[in-house]
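Asks: Sequence and predicted model, in that order:
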Amino acid sequence: MAKGKTYQFFTKAYYALMFVMAFVVLILLILNVYVIVKSLPNVVTTENRRVLDELIAEILTFFVLIELTRAFTEYFAYHRVRISLMAEIASIFILREILIKLYIGEYDWLTLIAFSVLLLSVVFVRVMCLKFSPKE
């Protein structure tokens with residue numbers, strides 16, 4: 001009987017922590033939108049390229065946060081997170097890093113090749129998830 005109560009306690013604590021993390025990601029998403037909207041007038045009025053670089057990085061971060069929010073929502077709905085969803089999040093994050101490096105111009109070929117290999121491996125995982133997905 002004690003094992004059942006301990007299990008229930010840890011399960012409730014786990015769900016509470018997941019709820020807090022989902023709330024934190026939602027707050028980060030809202031703050032990211034605020035930062036993007038707040039920096040739009042600066043992009044129009046200034047000719048400083050760094051402001052535009054930061055805005056592009058924030059917009060790409062927004063896409064990553066949207067996918068994280070989707071992962072938490074799916075977890076609460078189905079009590080599991082699909083590997084394919086995690087592969088999508090990882091590929092979006094890797095693409096974000098590649099695009100930022102290319103846009104800013106701070107890249108070397110070894111870094112781009114490493115990111116490309118990592119992206120190809122994540123895409124391979126995603127394709128395998130589609131090919132071997134269990135029946136619903």
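Replies: All right, it came through fine.

Asks: Low-confidence regions, the protein specifically.
Replies: Counting by pLDDT under 70, the ranges of the chain that qualify are 1-3, 135-136.

Asks: I figured I92 was touching L65, is that so?
Replies: No. Between I92 and L65 there is no contact under C-beta atoms under 8 Å: 10.0 Å. Placement of C-beta: from N, CA and C, glycine included.

Asks: Taking the centroid of the protein, which residue is nearest it?
Replies: V64 (3.2 Å; C-alpha atoms, centre = their mean).

Asks: Same question for stretch 111-119: list its buried residues.
Replies: Buried residues in stretch 111-119, counting neighbours by 16 or more other C-beta atoms under 10 Å, are found at 115, 119.

Asks: Show residues contacting that stretch.
Replies: 91, 94-95, 97-98, 101-102 (C-beta atoms under 8 Å, 6 or more residues apart in numbering).

Asks: Identify those among those residues that sit within helices.
Replies: Per DSSP state H, helices hold the following members of the contacts of stretch 111-119: 91, 94-95, 97-98, 101-102.

Asks: Would you mind giving me the PyMOL syntax to select the buried ones in those?
Replies: In PyMOL, this line selects whichever of the ones in helices among the contacts of stretch 111-119 come out buried by 16+ other C-beta under 10 Å:
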select buried, resi 91+94+95+97+98
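
Asks: So which of the ones in helices among the contacts of stretch 111-119 is the closest to I27?
Replies: E97 (23.2 Å; C-beta to C-beta).
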